[in-house]
Structures are given as C-alpha cells and as structure tokens.
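Visitor: I'd like to go over a predicted model; first the sequence, then the structure.
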Amino acid sequence: MVNRTSILCMCYFLASCASNPYSISYLPVSSSSNSNSNFVMLTENQEPDLIQCENIENEMVKFKDDNYVVLGTSSFNSKLRTNGHSINQAKKIGATHILLSRKYIQTKTNSTTIKRPPNSGFFDGTNFYPDPTQSGPITRVDKIKIYQHIAVYMTKLK
C-alpha cells in the first residue's frame with residue numbers, strides 16, 4: 001500500500017518537472033563513440049557557463065573547434081523564460097556550458113469575458129464609489145509575447 005507521503009512526493013516531483021520547459025523539451029544527443037568518462041562534467045557545486053547568443057550555429061562551431069561536444073538540446077516556443085530554467089537542466093545532465101538563444105516570434109492575444117458583479121463601481125483602496133451606468137460583461141485582453149527558446153548543452157572532451 002502506498003502511503004500519503006509517497007504520493008505527495010511523487011506529485012511534487014512531477015509538478016517540478018512539468019514546470020521547466022527546458023527539461024520537458026530536452027533531447028539528448030546519442031553518440032555511441034563517447035561515454036561520460038570521456039567528458040569533463042559539471043561538478044556538484046559548480047555553475048554552468050551561460051552564453052547568450054543570437055546565432056547558435058556560429059557559436060557551436062567555435063566551441064567544437066575547442067573540443068566541446070553537444071550533450072543535448074532544448075527547443076520550444078513560449079513566453080519569456082528565466083535563465084534559471086536552462087541552468088537547472090544543465091545541472092541535471094552535467095553540462096558545463098549552455099548556448100542560449102531567445103528570439104521574439106509573435107504576440108498572442110487572449111480575451112477573457114467575465115460577468116460584472118451587481119452593484120459595480122470603483123474602489124480606490126479606501127472608498128467604494130458605485131456606478132449604476134456600468135452593466136454587462138467585462139472583457140479583459142492580455143497580450144503575451146512569444147519567443148523561440150533554444151538551448152544547446154555542451155561539455156568538453158577530456
């Protein structure tokens with residue numbers, strides 16, 4: 001029988017994985033010629049180097065010339081995400097370097113209609129001012145900027 005603590009721990013684990021799009025979209029690069037023993041992996045207390053760039057392909061050429069290999073990539077479209085998400089994924093896989101690119105691609109508009117409560121008005125933080133002329137639904141419009149996120153996780157060969 002599974003106890004309540006085990007279920008809560010599993011739910012927390014699944015929720016934490018689901019909240020990091022860099023982890024969700026991560027694709028490892030499979031290479032039969034290299035094993036982890038051939039790589040200089042990130043140590044426990046080390047932070048990966050984050051390189052933000054506009055042209056990842058050009059940066060990858062420079063790193064490959066310096067004997068770096070790609071461990072894997074993440075790619076997704078969403079609102080702007082923090083660097084912390086890509087750094088967490090790098091730590092998870094042991095990557096010492098992250099090439100990170102974010103490019104604006106579009107603005108999405110979301111409209112939400114809500115029913116106006118009866119006796120609507122304005123509250124200034126202290127006083128309520130009723131406004132009987134306000135009736136009908138309220139439409140809220142949110143504009144969300146969408147970016148293409150690409151992360152390449154690398155480490156050096158020994």
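Guide: Sure thing, it's come through.

Visitor: hang on, residue 51 packs against residue 95?
Guide: No: using Cβ atoms under 8 Å, residue 51 makes no contact with residue 95, being 11.7 Å away. (Each C-beta comes from the backbone N, C-alpha and C, glycine too.)

Visitor: mind listing what residue 26 touches?
Guide: Residues counted as contacts of residue 26 (Cβ atoms under 8 Å, 6 or more residues apart in numbering) are 72, 73, 74, 89, 93, 153.

Visitor: Of residue 51 and residue 95, which one has the most company?
Guide: The residue with more neighbours, out of residue 51 and residue 95, is residue 95; 25 against 16, by other Cβ atoms under 10 Å.

Visitor: Report the separation between that one and residue 141.
Guide: Using Cβ to Cβ, to the nearest Å, we find residue 95 at a distance of 40 Å from residue 141.

Visitor: Just the helices from this protein, written as ranges.
Guide: In the chain, the segments counted as helices under DSSP state H are 4-18, 21-24, 56-65, 83-93.

Visitor: Name every strand pairing with the top strand by length along the chain and say which way it goes.
Guide: If you go by DSSP state E, the chain has its longest strand at strand 138-157. Here strand 138-157 is paired, per DSSP bridges, with strand 39-40 (antiparallel), strand 68-78 (antiparallel), strand 97-114 (antiparallel).

Visitor: Only the buried subset of the contacts of residue 26, as a PyMOL command please.
Guide: The following PyMOL line selects those of the contacts of residue 26 that are buried, judged by 16 or more other Cβ atoms under 10 Å:
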select buried, resi 72+73+74+89+93+153
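
Visitor: Now pLDDT and distance to residue 63 too, for the contacts of residue 26, in CSV please.
Guide: CSV is the format used below for these (pLDDT from 0 to 100; distance: Cβ to Cβ, whole Å):
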residue, pLDDT, distance to residue 63
72, 96, 14
73, 97, 13
74, 97, 17
89, 97, 18
93, 94, 16
153, 97, 11
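
Visitor: export the contacts of residue 26 to a markdown table and tack on distance to residue 62?
Guide: Below are the contacts of residue 26 laid out as a markdown table (distance: Cβ to Cβ, whole Å):
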| residue | distance to residue 62 |
| --- | --- |
| 72 | 19 |
| 73 | 17 |
| 74 | 20 |
| 89 | 22 |
| 93 | 21 |
| 153 | 16 |
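
Visitor: So which residues make contact with stretch 58-66?
Guide: In contact with stretch 58-66 (Cβ under 8 Å, 6+ apart) are residues 51, 53, 70, 97, 99, 152, 154, 156.
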